[in-house]
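mind folding the following:
(one chain, ligands or ions: 2)
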Amino acid sequence: MEKKGRRSTSAAPQASHRQGSDSLYGRLVDSVTEYAIFTVSPSGTVTSWNSGAERTFGFAEDEIVGQDVRLLFTPEDIADGQPAGEFTAALNEGRVHRDCWHLRRDGTRFWATNTAQPLRDEAGRPIGFSKIVRDSTERHLAATALRESEERFRLLIESAADYAMFAISLDGTITLWNVGAERLFGFRESEAVGRHFSIIFTLADIENGEPELELRQASAQGSASADRWYVREDGTRFFAVSKLTRLAQSPSAAAAGFVKIAHDITERKHQEEVMRHEAFHDRLTGLPNRALFSEHLQRVLAHAERFRARRFGLLFLDLDDFKAINDRYGHARADILLMELARRLETVVRAEDVVARFGGDEFTILLTDIDRTEQAVAVADALRRAVAEPLLFDDHEIVTTATIGIAIGSSAYERPEHVLRDADLAMYEAKAQGGNRSVVFDERTRSRGAARRSLESELRQALERHEFFVQYQPIVALSNSRVVGFEALVRWRHPQRGTLLPSEFMLAAHQAGLIVSIDGWVLEQACRQLGAWQTDLGNPSVTMNVNQSGLDLAQPDFVARIAGALETSAVAADRLRLEFTERTLMEPTQAVTEQLARIRDLGVEFAVDDFGTGYFGLSALRRFGAGALKIDRSFICGMNDSVEKTEIVRTAVTLAHNLRLSATGMGVETAGEASALRELTCDYGQGNYFSRPLDAERATLMLHPAGAVSW
Ligand code: C2E
Ligand code: MG
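Ligands and ions are numbered 1, 2, ... in the order given. From the prediction side, this is the model:
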């Protein structure tokens, strides 16, 4: 068939004429320019052609009438059996609608909506078909583009399984729901579509109008971001980052709906929360840590500034001898003790108060609202009682005590750290008073604290500046009144304050961490002096007692240092005696027991100093292998007037002898005390009655046979 058929002179005008002669109807059809209206004979030739058809297809009436209608169809359609299929359907169904591509005269295509209908004669026999065709290319392309973009969008949404994506209409009704949304929210597509998107919000957010707020914001600004908790179908919650975006046909157009994307970050959120918690809490006890406590303190102080009358209490609590507990029972148990104490402290205070772990064995307590100082003191007392409750471990009872410094906070304080500093100063003051008590800060605390601090810094320099010196107090054999040895006692020649005794600086030295250095220095000094006496005076029997603290015993190189001091001074080990206070030895750890054994192996004897002031287990005395008991001054002083003291001393002497230890009476001040000790068969005496502590030269004189004194 020819594409542009020549004009058929026979059938076409006939048909055209036949219809066209239908006067009015023919003209009407011809006037319709929007629609191509034409007729086709049963054999498939065009029989009439209106002006709309001319416009639509580009063929003039005389070009097409009489031609094969397939001129207007695409090869694909023809291959597909058109237009025969269309006409057959029309015959069967009366009328068919079909959307398809058609060809114009110039070979271009247009999308058309078609209607085909059979034409029948009066008898009902088919005489051809009428076709109405409308060019709807534009609409079709727009619809296709939209469909394609919708399809792409749908694919995108549906394939994103890790992201919940759903579309909602202007009023918030869910219209699309992807697999990610199914997974995240737990609603299936069929359950979600058609419902308002507030189904995923928490009740609180719904009450706050959050869903509507989001819609409004997204309408106005194009999008609304929200990181919040959402609710699943089963009621569980998760934390998600989400964004609601306005969808519009064009940027300027009003919203056509919205799409919401949400991504579950609960895990990250949890991690953040865990991290935040860890940053502000103590791992062991779970209590707020120093950082969080400072925040609370800052808030309370700001509050006090706003409400001038407001006062608060800051308690600085430090455990007494926690280090010893750690050494004795091990870290694991000490940790359990700390956890238990933390729990107890919390039960003492009110809910609005804050208990924090400030450091190792330091706790801080913030009493957020108090009227009177006494209230803070009462809480401190209750806290100390709670700490002092024994804790049962296996079959051991651990008892700890606490020292508390109290600062009363008010708007007078400018900075939170000043309140802390004052409570800390009060705590030190309480420690200086022996611990296991509480002290309220006042201005004198500050000056004493300042004095203590300057003392500590002076002490640090004292060693380098050689301001320490040793005095020697003779120890006398009571049987023959001869000087058998000396006790080395440290003194400090303070540049301004003159000679200071141990009681005036040893605690500060302890706190400044200088005790081990000082003791080491005294030990060397005393050994050198002893060596000198032995060689210069030819007195190999004289002994030297040196005081050492519990901290020395804890030093791993302690024994090596003793051996070193003996070697440098060429002193025999059995001439040196180390004194440890009864308190130091009271509850020795395994390490301390081993240290003592090594000291004995070295050949150095040790004495239990201040005997009677502690609660020394008798079995421990033997186990340790102490060589001497030094009976505390408090029992000797005034023993002539006290039967009780005499009996205590008698018992101590008997005990020492039974365990094959020597006994020394300390602080002998009178001849009466000396003879009483002699009567009780005490071996040695030491005290001002015999001699005060002396400088090396004066002590040396004591050893000269010529300088011998008789008591
Ligand atoms: P301590 O070991 O009991 O030493 C005896 C103390 O009693 C000395 O005090 C001494 O001067 C004093 N004293 C002696 N006879 C009498 C007396 O008749 N009446 C009175 N009232 N007191 C007397 P000092 O020298 O003040 O030492 C006090 C404590 O300091 C010592 O007690 C000792 O525990 C400690 N200490 C002294 N030197 C050192 C040292 O180098 N290292 C260590 N860790 N502690 C030391
Ligand atoms: Mg002593």
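
in what helix or strand does H102 lie?
strand 96-103 (DSSP states H and E).

what does that strand contact?
57, 71-74, 76-77, 82, 86, 89-90, 109-117, 133, 136, 140 (C-beta atoms under 8 Å, 6 or more residues apart in numbering). To be clear about C-beta, it is placed using only N, CA and C from the backbone, and glycine gets the same treatment.

list the contacts for D171?
H196.

for it, which three-state class applies?
coil (DSSP: H, G, I helix; E, B strand; the rest coil).

and if you look at the one 4 residues further on?
Look at T175: counting by three-state DSSP, its state is strand.

with V355 instead?
V355 ends up strand, using three-state DSSP.

can you offset everything so residue one is 15?
In the new count, where the first residue is 15, that last one comes out as V369.

picking up where we left off before, buried ones in the strand holding H116?
Neighbour-count burial for strand 110-117 flags V110, R112, C114, H116, L117 (criterion: 16 or more other C-beta atoms under 10 Å).

just the residues you listed now: which is nearest ligand 1?
Distance to ligand 1, by C-beta to the nearest ligand atom, is smallest for C114 among these, at 110.5 Å.

what's the weakest-modelled helix or strand in the protein?
Least confident element among the helices and strands of the chain, by mean pLDDT, DSSP states H and E: helix 25-34 (a mean of 42).

extract the CA atoms of the helix or strand following it and return them as CSV.
Sequence order places helix 37-45 as the next helix or strand after helix 25-34, per DSSP H and E. The C-alpha atoms that make up helix 37-45 are tabulated as CSV, following Å, rounded to 0.1, in the frame of the first residue of the first chain:
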residue,chain,number,x,y,z
SER,A,37,-26.5,18.3,5.6
LEU,A,38,-26.5,19.6,9.1
TYR,A,39,-24.8,16.6,10.6
GLY,A,40,-22.0,16.7,8.0
ARG,A,41,-21.3,20.4,8.7
LEU,A,42,-21.3,19.8,12.4
VAL,A,43,-18.7,17.1,12.1
ASP,A,44,-16.6,19.2,9.8
SER,A,45,-16.7,22.1,12.2
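
so what does helix 37-45 touch, helix or strand wise?
helix 25-34 (3 or more C-beta pairs under 8 Å, 6 or more residues apart in numbering; DSSP states H and E).

one more time with 10 Å
Secondary-structure packing of helix 37-45 (3 or more C-beta pairs under 10 Å, 6 or more residues apart in numbering; DSSP states H and E): helix 25-34, strand 50-54, strand 60-63, helix 65-71.

residues near D709, how many?
13 (other C-beta atoms under 10 Å).

pLDDT at it, what is it?
Per-residue confidence at D709 stands at 96 (pLDDT).

quick check: it touching F500?
No: using C-beta atoms under 10 Å as the test, D709 is too far from F500 to be in contact (11.5 Å).

if I look at those two, which residues touch both of them?
V484, Q485, Y486 (C-beta atoms under 10 Å, 6 or more residues apart in numbering).

counting contacts, what elements does the helix or strand hosting the first one pack onto?
Read it as V484. Per DSSP H and E: V484 is located in strand 482-491. When contacts are defined as 3+ C-beta pairs under 10 Å, 6+ apart, strand 482-491 sits against strand 496-508, strand 512-514, helix 529-550, strand 557-561, strand 676-680, strand 698-700, helix 710-717.

for it, the averaged confidence score.
97.

that strand near ligand 2 at all?
No: applying C-beta under 5 Å from the ion, one finds strand 482-491 out of contact with ligand 2, separated by at least 9.0 Å.

how about that strand: buried residues?
Buried-residue list, strand 482-491, by 16+ other C-beta under 10 Å: F482, V484, Q485, Y486, Q487, P488, I489, V490.

for stretch 516-523, same thing?
F519, M520, L521, A522, A523.

show me what residue of the stretch 165-314 of the chain gets nearest to ligand 2.
For the stretch 165-314 of the chain and ligand 2, the shortest gap (C-beta to the ion) falls at L298, measuring 38.6 Å.

state the distance from that residue to V401.
From L298 across to V401, the span is 16 Å (C-beta to C-beta, to the nearest Å).

more neighbours: those two, which one.
V401 (25 against 12).

returning to that earlier point: got CSV for the helices and strands packed on strand 482-491, with mean neighbour count and distance to ligand 2 too?
Output for those, formatted as CSV (neighbours: other C-beta atoms under 10 Å; distance: least, C-beta to the ion, whole Å):
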stretch, mean neighbour count, distance to ligand 2
strand 496-508, 20, 6
strand 512-514, 13, 17
helix 529-550, 20, 11
strand 557-561, 23, 4
strand 676-680, 25, 8
strand 698-700, 24, 9
helix 710-717, 16, 16
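
a markdown table for these, including distance to ligand 1?
Below are these laid out as a markdown table (distance: least, C-beta to the nearest ligand atom, whole Å):
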| stretch | distance to ligand 1 |
| --- | --- |
| strand 496-508 | 4 |
| strand 512-514 | 10 |
| helix 529-550 | 4 |
| strand 557-561 | 4 |
| strand 676-680 | 6 |
| strand 698-700 | 6 |
| helix 710-717 | 13 |
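
A392 is nearest to which of these?
Closest approach to A392 among those (C-beta to C-beta): helix 529-550, 35.4 Å.

quick one: mean pLDDT for the closest one?
Mean predicted lDDT for helix 529-550 stands at 94.

from the chain's centroid, how far away is that helix?
Counting by C-alpha atoms, centre = their mean, to the nearest Å, helix 529-550 is centred 51 Å from the centre of its parent chain.

next one: stretch 386-398
Using C-alpha atoms, centre = their mean, the offset of stretch 386-398 from its chain centre is 30 Å.

list the contacts of it.
Against stretch 386-398 from outside (C-beta under 10 Å, 6+ apart): 325-331, 355, 358-359, 361-364, 367, 369, 377, 379, 381, 383-384, 415-423, 444, 450-456.

are any of those residues buried, and which?
For the contacts of stretch 386-398, buried by 16+ other C-beta under 10 Å: 325-331, 355, 358-359, 362-363, 367, 369, 377, 379, 381, 383-384, 416-423, 444, 450-455.

which ones among these map onto strands?
326-331, 369, 377, 379, 381, 416-423, 452-454 (DSSP state E).

could you pull up the residues touching the residue lying closest to S424 once chain neighbours are set aside?
Closest residue in space to S424, ignoring its immediate chain neighbours: R325 at 4.8 Å, by C-beta to C-beta, 6 or more residues apart in numbering. R325 makes contacts with 314, 318, 381-387, 389-390, 422-426, as judged by C-beta under 10 Å, 6+ apart.

ligand 2 versus R325, what's the distance?
47 Å (C-beta to the ion, to the nearest Å).

ok, now W725?
Distance from W725 to ligand 2, by C-beta to the ion: 20 Å.
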